[in-house]
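In: Quick one, structure for this:
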Amino acid sequence: QAQLVESGGGLVQAGDSLRLSCAASGRTFSRYAMGWFRQAPGKEREFVAAISRSDATTDYADSVKGRFTISRDNAKNTMYLQMNSLKPEDTAVYYCAAFGFLRISRPTTFRVDYWGQGTQVTVSS
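Out: Numbering: from 1, shown residues only. Model (predicted):
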């Protein structure tokens with residue numbers, strides 16, 4: 001069983017950057033493909049980015065492509081989301097996820113086995 005804890009959220013202005021972290025407990029982090037999701041008020045949770053177990057393959061939602069970068073450090077059991085050129089529409093609670101299944105394709109398909117508790121990102125205009 002994996003426990004995921006996000007950090008790094010906050011209040012920033014449009015155009016600023018933030019880096020989110022997701023720390024995973026246990027010794028099985030490298031066995032999981034990982035990802036980020038977000039949920040804005042009144043909206044459904046949506047996929048943001050995914051990264052394979054080996055860090056070899058990534059995928060992004062069109063809305064963040066070119067601005068966000070997902071990465072992981074298996075030695076530190078930690079995943080990151082570097083968010084640049086933030087926009088007010090990026091405001092949401094961001095969740096870390098461990099995939100039981102991930103296939104990066106068109107479309108990308110997945111099954112989330114574990115969720116973090118979320119971290120708030122607020123971008124002011």
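
In: so who does the residue nearest the centre of the chain touch?
Out: Residue closest to the average C-alpha location in the chain (C-alpha atoms, centre = their mean): Trp36, at 2.1 Å. When contacts are counted by C-beta atoms under 8 Å, 6 or more residues apart in numbering, Trp36 touches 20, 22, 48-50, 70, 79, 81, 94-97. Heads up, the C-betas are built off the backbone N, CA and C, glycines and all.

In: Pull out the buried positions in the helix or strand that contains Ser21.
Out: Ser21 is part of strand 18-24, with elements assigned from DSSP states H and E. Residues of strand 18-24 classed as buried: 18, 20-24 (neighbour count, 16 or more other C-beta atoms under 10 Å).

In: Just the CA atoms of it, as PDB, please.
Out: C-alpha atoms of strand 18-24 as PDB (Å, rounded to 0.1, in the frame of the first residue of the first chain):
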ATOM      1  CA  LEU A  18       5.300  26.700  -8.600                       C
ATOM      2  CA  ARG A  19       6.800  23.300  -8.000                       C
ATOM      3  CA  LEU A  20       4.600  20.600  -6.400                       C
ATOM      4  CA  SER A  21       6.100  17.600  -4.700                       C
ATOM      5  CA  CYS A  22       4.500  14.200  -4.000                       C
ATOM      6  CA  ALA A  23       6.300  12.100  -1.400                       C
ATOM      7  CA  ALA A  24       5.500   8.400  -1.300                       C
END
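
In: burial of the closest residue to Ser17 other than its chain neighbours, as a residue count?
Out: The shortest distance from Ser17 to any non-neighbouring residue, by C-beta to C-beta, 6 or more residues apart in numbering, is to Asn84 (4.7 Å). Using other C-beta atoms under 10 Å, Asn84 has 14 neighbouring residues.

In: separation between Asn84 and Phe68?
Out: In this view, Asn84 and Phe68 are 7 Å apart by C-beta to C-beta, to the nearest Å.

In: Ala23 now?
Out: 19 Å.

In: Quick one: low-confidence residue ranges for this protein.
Out: Within the chain, the segments meeting pLDDT under 70 span 27.
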